[in-house]
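J.: build the 3D model from these lines:
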Amino acid sequence: MGSGVSRVKTGSLIGTGASLDVETVGFKPSALMLINGDSDDKLTWSETMADASGHKQLKAGGSSFITSGGITPLSDGFTLGADTDINVDGELVHWIAFE
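T.: Sure, this is the predicted structure:
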């Protein structure tokens, strides 16, 4: 991207409890933040992290780096893995993607 301007896009999805592809971002994210709207638990990922990983912060306390069930970038979006705190079946998940 020659202009030096980065894009930011936001959206929401309903968790499934299983891996879920979100291909509506329009670019390959370099960083993502996901927030479970019911629990306020957060999952962040950046391009310096491995696929399916992320840093998780729980509203109830504690944080950890996860190495499976996290976020994997796609050419037009990302895959949210089956993390049991973020991707909960039937719960709203908000996301912010940065290019």
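
J.: contacts, neighbours, all on C-alpha from now
T.: Noted.

J.: mind listing what residue 94 touches?
T.: For residue 94, the contact set (CA atoms under 8 Å, 6 or more residues apart in numbering) comprises 10, 11, 12, 13, 34, 35, 36, 37.

J.: narrow the residues you listed to those in helices?
T.: Members of the contacts of residue 94 lying in helices (criterion: DSSP state H): none.

J.: just give the closest residue to the residue nearest the centre of the chain, not the sequence neighbours.
T.: Centroid-nearest residue in the chain, with CA atoms, centre = their mean: residue 34, separated by 4.4 Å. Residue nearest to residue 34 in three dimensions, not counting chain neighbours: residue 95, with 4.4 Å by CA to CA, 6 or more residues apart in numbering.

J.: which residues are in contact with the longest strand seen in the chain?
T.: Ranked by number of residues, the top strand in the chain under DSSP state E is strand 63-74. With contact meaning CA under 8 Å, 6+ apart, strand 63-74 is reached by 19, 23, 28-30, 43, 45, 50-57, 78-83.

J.: where does the chain have low pLDDT?
T.: Along the chain, segments meeting pLDDT under 70 span 1-5.

J.: can you pull out the strands in it?
T.: 8-14, 20-22, 31-36, 42-46, 53-57, 63-74, 77-80, 92-98.

J.: need the residues that contact the fifth one.
T.: Counting by CA under 8 Å, 6+ apart, the neighbours of strand 53-57 from elsewhere in the structure are 41-46, 63-72.

J.: thanks a lot, catch you later.
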